[in-house]
Each structure stands twice: as C-alpha cells, then as structure tokens.
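Colleague: I'll drop the sequence and a predicted model, then ask my questions.
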Amino acid sequence: MLKALLKKEFMALTAGITTDRRKGTRRSKGGIIGLAILFAFCYISLGTAFLGFSTAFSVILPDRLWLYMSMVGLMALAISILGSVFMTYSMLYKAKDNELLLALPIRPGTLLISKISSLYIMSVLFSALAIIPAMIILWTSGYPVPAATSVFGILSIFFIALMGTALACILGWLVALVVGLFPKKNALTVIATLVFLGAYYLFYFRVNTILNNMLANIDVIEGSVSAYIYPFYKMGVGCAGDVVSFLIFAVICVALFAVVCFVLSRTFFKIATRTEKVKSVEYKEKRTEAQSVPRALLRKEFKHYLGSPAYMLNSSMGTLFIVVAAVAMIIKRADILMFLEMLKQQLGSVLGKFPIQSYVTLLVGTVLCFFSATNDISAPGIALDAKTLWLSKSLPVDTMQIFGAKRNLHLILTLVPCLIFLAASAWVFKLDIMGIVYCAVLVILFTYFCANLGLMLGLRFPNLNWTNETMAVKQGAAVVLALFGSWVLILAIAALYIFVLRKTMAPETYMRILIAVFLVASLGINAWLMNAGKKRFAEL
Amino acid sequence: MLKIEHFTKKYGDTKAVDDLCLHIQPGEIYGFIGHNGAGKTTTLKAVSGIMNFDEGEITINGHSVVSEPLECKKVTAYIPDNPDLYEFMTGIQYLNFIADIFGVSADARAERIREYSQLFDLERSLANPISSYSHGMKQKLAVISALIHDPKLILMDEPFVGLDPVASHNLKQIMRKICDNGGAIFFSTHVLEVAEKLCDKVAIIKGGKLIKSGTMDEVKGDESLEEVFLELAEEADNA
C-alpha cells in the first residue's frame, strides 16, 4: 500500500515534467528531456548563488575543516527548512486528495509517510544546493581533503534532508495548530513569511561581519557549536574523518525523523479532517454603486491576490523589496555617492567618451528593469483561475478584458514601487529631466512587456491541474520561463552594452533603442494575445 | 429563443454529440435527459459559449454563439453542475461582481439580491467568504447570480443537485415564473419525476444522438417518463 502511495506522490512531483497539463497527455521523450534540462539549468543557476556563502565560510578552512563542514551543514539545514516549510502545511494537511485517501482503508500514518516522502525529496534537492557548492569549494581550494570528507560530505545531504524534513514538519504542524486558532490566517502567513525572509536577508547581508566576529572568537564558537548544536558538531567532526561521530550524527537525524513521523501520525487524521473556524459575519444590506466591467475585473484580480498568501509571496516579493531598496538608497545616499565617485575614478578610462551622468542614467534604468523583473504576477494568472475558467468564459466580457485585468494587476503592483525607486534615484543621483523620462518610459515598457510575456506563457503552458494554489504560482513552465527569462534578458541587455557598445553608443541612444524594442515586442505579444491567445483561452 | 442546428462535438475521434437539432421557444422549460456521458453537459457548455464545437450552428435570439458570443451571453445565464465560484470573495462581493459585469444598476441589483437571497435563505451568509459555504449554499449563490441580470435564457446543468427541498421547490417556482414572463430554460436532469412535472418539452439523448424530443405528451403519451426513457434507451442499444 505504501508503495502505491509513494508511486502516486512521485507521479505528482514529476507531473510538471512528464505530463502536458493542457492536453492531459504524456509528453514526448524529447519534451521530457527538454524540460528536465531546463529544470537542471535553473537548479544549477540557483546552486551557484550558494557558492558565495561557501566561499565566505572557507576563511575558516585553514585550521578547522570540521567547523567549515558544521557551518555548511547548518546552512544546508536552513535552506532545506526554508525551501519546504511554506509548502509543508498545504502539502500535508491541506492536500485535496486527503479526504479521498482517508476514506480508503489506509492508515493515516501510512498516508502521512507517503506525503512526507515528497517533502523529503524536495528537502534533498535544497540540502544539495548548499552542500555541493561547499564541496566544490573544498575540492578546488587546494586544501588537503580526506576521502572521508568527500564521502561523508555527500552522504550528509541525505541525512540533513531527513532533519530538515522533520523540522519543517514540526513547523508545519505548529502552523496547522495556530491556523486552527487564528481566524486571519492569510495575514498570519504573510507576516510570518516576511519576518522569516527579513531575518534571512539580514543574515545574508551581514554574513561577512558575522564570520569575522566568529573568527575573532573562534574558541568560543567551537565551544558553542559542540555545546548547543551537538548534531552539527558531530557532523563536522565526522566529515573531517571521524567515522563514529558521523554515525552518531546519522543516528540523530534518522531518530529525529522517525520520532516526528510517529508523533505527527497520531494527530494527522484529526488535523487533516478538521474544518477551519470561520467567524460568521451577518450580512447587513448597504447600497453598492455599479462599476464598469474593467474596474470590476481588476477588483476581482486584486481580491484574488490579496486573498492568497501563496500568490503574494511567490509572485510579488519584488514589490516590497523595491520600496525597501528605495528607502535604503535614500538612507545610504552618502555611501552610494562615495562608491559612485570611486567607480568614476577607477572606471573612467574603461568607460567610453560619453558623460558619466549618461552612464548613471543607463545604470538606473537597467536596475529598474531588473527590479521589475523580480515580479511575475501575470504568469500564474491563468493557472490560478483554473477552477473558475467556466465563469470567465460564460460572462459577457471580451477575452482581452480578462487579460487586461491580469496585466493591470501586474503593472500596478510593479510600476508603483519602481516609480518610487526612480524618484529616489533621481534625487540621489541628481538625474536630469530627460534622464528621468528615459528611465520612466523604459521601465514602463519593460514592465508592460513582462506582464504580456507572463500572460502569453501562462496561456501557452497553463498549469491547470494543481491541488493547491502554491503549485499554481510556484510550479510550471510559465512561471519558470517568465521569471528566469526576464532576468536573463536584463543580464543580456547589460552585457551587450558593457562588453560591446559602451564606447561607441551613447547610453541615451541605447535606452532609446531598448524603448523601441520593448514597444515593438509588447505590441507583438499583444497581437498574439488578440488572436492566438484568445483562441487558446477558449480551448482551456 | 435558442436554436441548435446539426450540432456536433468531437473529443479526438469520438463524437460526444452527433448532429443534434433542438429549438426552444420563449416561455418553454425544456428538459434534457440522458445517461451519464450522453452529451448533456457538452451541449449546455457549447450553448453557453464556453466550449468550441466542430459542426453545426447555435443561435440565441438570432445571434450566433460563435460569431457574436457577447450578444448571446448578455441575455443568457449558465449554472454548471459543480459551481466552482470565486472562493476569495464573499457572497455579496460575488453577486456585485456579476452585477457589474452585466451592467445591472445599483437599485435593480439591490432589489434582486434582497428578493432571491431571502427566498433561498442565504441572506445572513452573504457577508461570509464563499470558501466557507457548503455545496448547497454555493449552488444557491450560483442560482442567485444567474438571476441577477434578469436573463432571457437560463442554461442549467443538474440544478437541483445539492439543493435542499425548500430551495428546490423555490427554484422550480422561479423557473416557471421566468418562462411565464417570456424567458426560456434549458436544463439537464437525472431526476425524471422533476422533468415530468416541470417541463413543457423534453429531449432524450443517448450516446450523443437525440433519440426523442417534443412536448411531454408527445414523448411519453400515457406512460411515465421513466418507463419511456428506459424503453427508448433499450431500443437505442438494440439499434
């Protein structure tokens, strides 16, 4: 029975790659290989981001291999938890097939284990994101690496994933308990996530300072690691060559996982079948003014967005970060200007013949476009409507009005913070009027292009068979291509100017060309939406 | 009001509906009965303009659902068999949204929401999120939203499933009232007793083909609709 359940979970995990969700048919071998390569590319790209962390940790290496491995292990655990904790609650307790499966002669504990296995596979992938770059740093650092370190380092991916899954399950269980008591669960989810991410980024930006402090007090740190995070002390010592220590670490991970599975299996049925508390509000009639169709559709999109923490947190974190970046830029104005002055002196000869202020304007425009590309609000818009597509189609509204509402949601949530950032940039860098206009037009057209691209990809690769909204906003080719595609595009734009055009083309001319390109591309996608897009929507 | 001419819909090589012809006049309640998978839902979806089809023509008040979909949808309401509504809205927000889309004035919508929500005993729950509604409450809300713009043609797929006896009774009365005022209703059902008592005309479909249609008397004569349905289904199997 467990085998059948595990097979179902594995099929659900890989369905995005193996199944064409729009047609409901299995993809061709070529399609599966292509998507697997795309997934691998995104995964490796993400992994390279963690090389930086491991490089920072490697300052510890010359004396203390065990401490390096302990720190890497802790980082792997943090990523493993961070990567899966937001899905744990929905995957374990809110899965739409829970009621169906619990009505079958299956023990709740068996069902729980099958669902935890999906989390474990994801946890392994997240844990590897930290461990593999760390091992690469180790192997390429010239530091003598014992064979045991290589073997145990790789093995620790699987044991840390066990611990990460167990801790994520405990957090998911706590969320389930709190959600049962707290009526405003959407607000709770958003606040908790933002606090978590805030702490994460604070650590990210201060990692060098923290490491320097650690090095200054290395003896104290060693004592603390062995006293307070004993499993990772054992992991570090084990990876450094002590087999017994590694075995102790492995046993701790397995035992923790087993205990968590046992404890959660006791309460799984009760929580999974619980009906959530809804505070009943009695309706009092009040007059409501009629609104136009576009406004009604946009309000509907906003209500969907605000009612879905998964949508807010996965598709529009940029909205918050851009505003934070604008405020930070104003606060750190003096430092930024000093840094810019230093760049001017060092790069003066490398740059072309054009006024330095022109390059600054182009830099601001490019940064704005990059910030804009951090939102992918329109890409999952079609997928999120999967269950109510019948309604959109049966109403007397033109399909372009439906697309327009989704695009406008993207534009409002992205452009408002971008324009705030532009205002802050204009003040800090003293941009002239034409510079501000160029930046504003560029970011408006780029955002419009991204919103259209997201819609097009959402129609082209619709992910309509999700069991919870998180899958709609996080998984599927449309979301991946929209997000990474726009990042790659911005990097390509920056690289083209820096490496090829900086000496021959004025930054303003380059911006004018970019504006023209994005205008034409946006109009091209618009034409696609008006013809093929409408037909595709009707076929969904 | 509604003309379905030689309507054919294929799923791959399989014909879900084959050369269906039906005419529904103003003032008629038209029942559509058949086995599971007979093609009832496919036909209703095509008429409501949410599903493309391969052959034939469907017109509502002289407008083609293919070439003039918005004209058709403006006078039509569709209630699916499983009403998945916008769960992120409250009941009243959903009704106001539908009223905005159909351009219903503030006064008219207030009056209709009051009337129908009281009739279906949903008034007290309108401020609650739809995600907290039971299946029956969602069905009631779907019915109210279908009535809010005073449609000329209502398409309903198994409308009585999930409704309590009082709500079913009220819905039947509303259906009669709409048709007495010149509207038309085309609905599918498996409850043959309801069809027999409520419908002016009935069509029986099997395997995508129309096997009998007409007034209730023409279709069933002196027998019960259930007996006729079973006989016709058996004949179709033997043919």
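Modeller: Yes, it's here. Source: prediction; values computed, not measured.

Colleague: Point out where chain B drops to low pLDDT.
Modeller: B:236-239 (pLDDT under 70).

Colleague: how about a cut-off of 80?
Modeller: The model of chain B has pLDDT under 80 over residues B:12, B:220-224, B:227-228, B:231-239.

Colleague: For it, just list every one of the helices.
Modeller: For chain B, helices defined by DSSP state H occupy the ranges B:40-48, B:69-74, B:91-102, B:106-119, B:135-147, B:165-180, B:192-198, B:216-220, B:225-238.

Colleague: which residues touch the last one?
Modeller: It stands for helix B:225-238. For helix B:225-238, the external contacting residues (CB atoms under 8 Å, 6 or more residues apart in numbering or on different chains) are B:33, B:35, B:192-193, B:195-196, B:202, B:204, B:206-207, B:209, B:211-212, B:216, B:219-221, B:223. For the C-beta atoms, the positions are set from N, CA and C on the backbone; glycine is no exception.

Colleague: since we're on residue B:153, how many residues are nearby?
Modeller: Look at residue B:153: counted by other CB atoms under 10 Å in any protein chain shown, it has 22 neighbours.

Colleague: on that earlier part again, so can I have JSON lines of the helices of chain B showing mean neighbour count?
Modeller: Shown next, in JSON lines, are the helices of chain B (neighbours: other CB atoms under 10 Å in any protein chain shown):
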{"stretch": "helix B:40-48", "mean neighbour count": "24"}
{"stretch": "helix B:69-74", "mean neighbour count": "20"}
{"stretch": "helix B:91-102", "mean neighbour count": "23"}
{"stretch": "helix B:106-119", "mean neighbour count": "17"}
{"stretch": "helix B:135-147", "mean neighbour count": "22"}
{"stretch": "helix B:165-180", "mean neighbour count": "16"}
{"stretch": "helix B:192-198", "mean neighbour count": "18"}
{"stretch": "helix B:216-220", "mean neighbour count": "16"}
{"stretch": "helix B:225-238", "mean neighbour count": "14"}
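
Colleague: what is the mean pLDDT for the helix or strand containing residue A:253?
Modeller: Element membership for residue A:253, per DSSP states H and E: helix A:243-272. Averaging the model's pLDDT scores along helix A:243-272 yields 88.

Colleague: Show me what counts as buried in it.
Modeller: A:245-246, A:248-250, A:252-253, A:256-257, A:260-261, A:264-265, A:268-269, A:271-272 (16 or more other CB atoms under 10 Å in any protein chain shown).

Colleague: ok so, going back, looking at the helices of chain B, which is nearest to residue A:234?
Modeller: helix B:135-147 (53.8 Å; CB to CB).

Colleague: for residue A:254, what are its contacts?
Modeller: Residue A:254 makes contact with A:159, A:162 under the criterion CB under 8 Å, 6+ apart.

Colleague: Quick check: the spatially most central residue of chain B vs chain A, distance?
Modeller: Centre of chain B computed as the mean C-alpha position; nearest residue by CA atoms, centre = their mean is residue B:156, 1.6 Å away. Per CB to the nearest CB, to the nearest Å, residue B:156 is found 12 Å from chain A.

Colleague: so what's residue B:171 up against?
Modeller: Counting by CB under 8 Å, 6+ apart, residue B:171 touches B:143, B:159, B:160, B:163.

Colleague: my bad, should have said residue A:343
Modeller: By CB under 8 Å, 6+ apart, no residues touch residue A:343.

Colleague: now do residue A:455
Modeller: Residues near residue A:455 by CB under 8 Å, 6+ apart: A:378, A:379, A:381, A:382, A:403, A:406, A:407, A:525, A:529, A:533.

Colleague: Can you lay out those as CSV showing pLDDT and secondary structure?
Modeller: Listed next are the contacts of residue A:455 as CSV, based on pLDDT from 0 to 100; DSSP: H, G, I helix; E, B strand; the rest coil:
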residue, pLDDT, secondary structure
A:378, 93, coil
A:379, 90, coil
A:381, 90, helix
A:382, 91, helix
A:403, 95, helix
A:406, 95, helix
A:407, 95, helix
A:525, 94, helix
A:529, 94, helix
A:533, 92, helix
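
Colleague: Who wins on neighbours among those residues?
Modeller: Neighbour counts for the contacts of residue A:455 peak at residue A:379, which has 32 neighbours (criterion: other CB under 10 Å).

Colleague: other SSEs contacting the helix or strand following the helix holding residue A:253?
Modeller: The C-terminal neighbour of helix A:243-272 among helices and strands, as given by DSSP H and E, is helix A:293-306. With contacts taken as 3 or more CB pairs under 8 Å, 6 or more residues apart in numbering or on different chains; DSSP states H and E, helix A:293-306 sits against helix A:309-315, helix A:399-429, helix B:91-102.

Colleague: Let's have those helices in CSV, adding distance to residue A:452.
Modeller: Listed next are the helices and strands packed on helix A:293-306 as CSV, based on distance: least, CB to CB, whole Å:
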stretch, distance to residue A:452
helix A:309-315, 16
helix A:399-429, 7
helix B:91-102, 24
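
Colleague: Let me see the mean pLDDT of stretch A:323-340.
Modeller: In this model, stretch A:323-340 carries a mean pLDDT of 89.

Colleague: Enumerate the positions of that stretch that are buried.
Modeller: Using 16+ other CB under 10 Å as the test for burial, stretch A:323-340 gives A:323, A:325, A:326, A:329, A:336.

Colleague: and which of the residues you listed is nearest chain B?
Modeller: residue A:323 (24.5 Å; CB to the nearest CB).

Colleague: Please say whether there is contact between the longest helix anywhere in chain A and chain B.
Modeller: If you go by DSSP H, chain A has its longest helix at helix A:147-181. No: on the criterion CB under 8 Å from any CB of the partner chain, helix A:147-181 is out of touch with chain B, staying 13.5 Å away.

Colleague: ok, back up a step: farthest pair in the buried residues of stretch A:323-340?
Modeller: Greatest spacing in the buried residues of stretch A:323-340, by CB to CB: A:323 and A:336 (16.9 Å).

Colleague: ok, back up a step: for the longest helix of chain A, give the mean pLDDT please.
Modeller: pLDDT averaged over helix A:147-181 gives 84.

Colleague: So for that helix, what gets flagged as buried?
Modeller: Judged by neighbour count (16+ other CB under 10 Å), helix A:147-181 contains these buried residues: A:149, A:152-153, A:155-173, A:175-176, A:179.

Colleague: Please list all residues in contact with the closest residue to residue B:166 other than its chain neighbours.
Modeller: Spatially, and ignoring its direct neighbours in sequence, residue B:166 is nearest to residue B:121 (7.3 Å; CB to CB, 6 or more residues apart in numbering or on different chains). When the contact criterion is CB under 8 Å, 6+ apart, the partners of residue B:121 are B:140, B:166, B:167.
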